[in-house]
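[1] pasting the sequence and the predicted coordinates here, then a few questions.
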Amino acid sequence: MATPPQTPLRAITAEERTRLERIAKASSERLDRVRRARALLAVADGETFAAAGRQAGFRRGSAVTDLVRRFNQQGMATLTIAAGRGRRPTDDANARGTIVATAQAQPERQQDSTATWSLGTLQRRLRRDGMTRGGTSTIRRVLQDHPWVRTELTQILAAVPTAPVAEAE
């Protein structure tokens, strides 16, 4: 496959160079950001795109070409991971709200066959109410992330009596 035509790197400002150098030297920075910064600095210092890619650790020859093109358009934002990467969330705000609202309500003893919620009974109730997605692990995560649940758990744990400690004689 032919290498795409190379777009020359625009002039890097002193502030951008300082930030790129700081990122390239940082040991606590994400590796992908370090590689991008090193490649941009190498191109700015006069290296060819292929040599800059080898120095930065890129496998593809066109990676530096793409990086330079993005840097010319977006500036320092090029170093961050683009939106849309990673797993898409499977539950939206409405689904999380439904889970929390159902957990806050008292179970209907006849329909739910329980007086208190468990993850399984809560999941069955949500399925019955039309929420087709989300297993018990999703319900647990949503409830753990919600401030109401933390408050309720704190109050429940504070109300549990502790056994007196017997003194040694």
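    Perfect, I can see it now. Numbers count the residues shown, from 1 in each chain.

[2] could I get the full set of helices for the protein?
    14-25, 31-44, 49-56, 62-74, 93-104, 109-112, 119-128, 136-145, 147-159 (DSSP state H).

[3] could I get the ones you listed as TSV with distance to Gln6 and mean neighbour count?
    All C-beta spots, glycine's among them, are computed from the backbone N, C-alpha and C. Below are these laid out as TSV (distance: least, CB to CB, whole Å; neighbours: other CB atoms under 10 Å):
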stretch	distance to Gln6	mean neighbour count
helix 14-25	19	14
helix 31-44	10	20
helix 49-56	6	20
helix 62-74	5	18
helix 93-104	44	15
helix 109-112	65	10
helix 119-128	55	16
helix 136-145	46	15
helix 147-159	52	10
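
[4] who wins for proximity to Thr80 among the ones you listed?
    Set against Thr80 and scored by CB to CB, those come closest in helix 31-44, at 7.3 Å.

[5] and the closest one, what other elements does it pack with?
    Judged by 3 or more CB pairs under 8 Å, 6 or more residues apart in numbering; DSSP states H and E, helix 31-44 is in contact with helix 14-25, helix 49-56, helix 62-74.

[6] tell me which of the ones you listed sits nearest to Ala101.
    helix 62-74 (41.0 Å).

[7] other residues contacting that closest one?
    3-4, 6-10, 36, 39-40, 43, 49-50, 52-53, 56, 58, 78 (CB atoms under 8 Å, 6 or more residues apart in numbering).

[8] for stretch 26-44, same thing?
    9, 12, 17, 20-21, 23-24, 49, 51-53, 55-58, 63-64, 67-68, 71, 78-81.

[9] domains in the chain, by residue range?
    Domain assignment of the chain by automatic domain parsing yields the ranges 14-79, 93-159.

[10] now this structure, which segments are flagged as low pLDDT?
    Low-confidence regions of the chain, defined by pLDDT under 70, span residues 1-5, 82-83, 85, 89-91, 148-169.

[11] tell me the centre residue of it?
    Gly86 (7.9 Å; CA atoms, centre = their mean).

[12] relative to Ser62, how far out is the nearest residue to Gly75 once chain neighbours are set aside?
    Nearest residue to Gly75, sequence neighbours excluded (CB to CB, 6 or more residues apart in numbering): Glu16, at 7.1 Å. As judged by CB to CB, to the nearest Å, Glu16 and Ser62 stand 23 Å apart.
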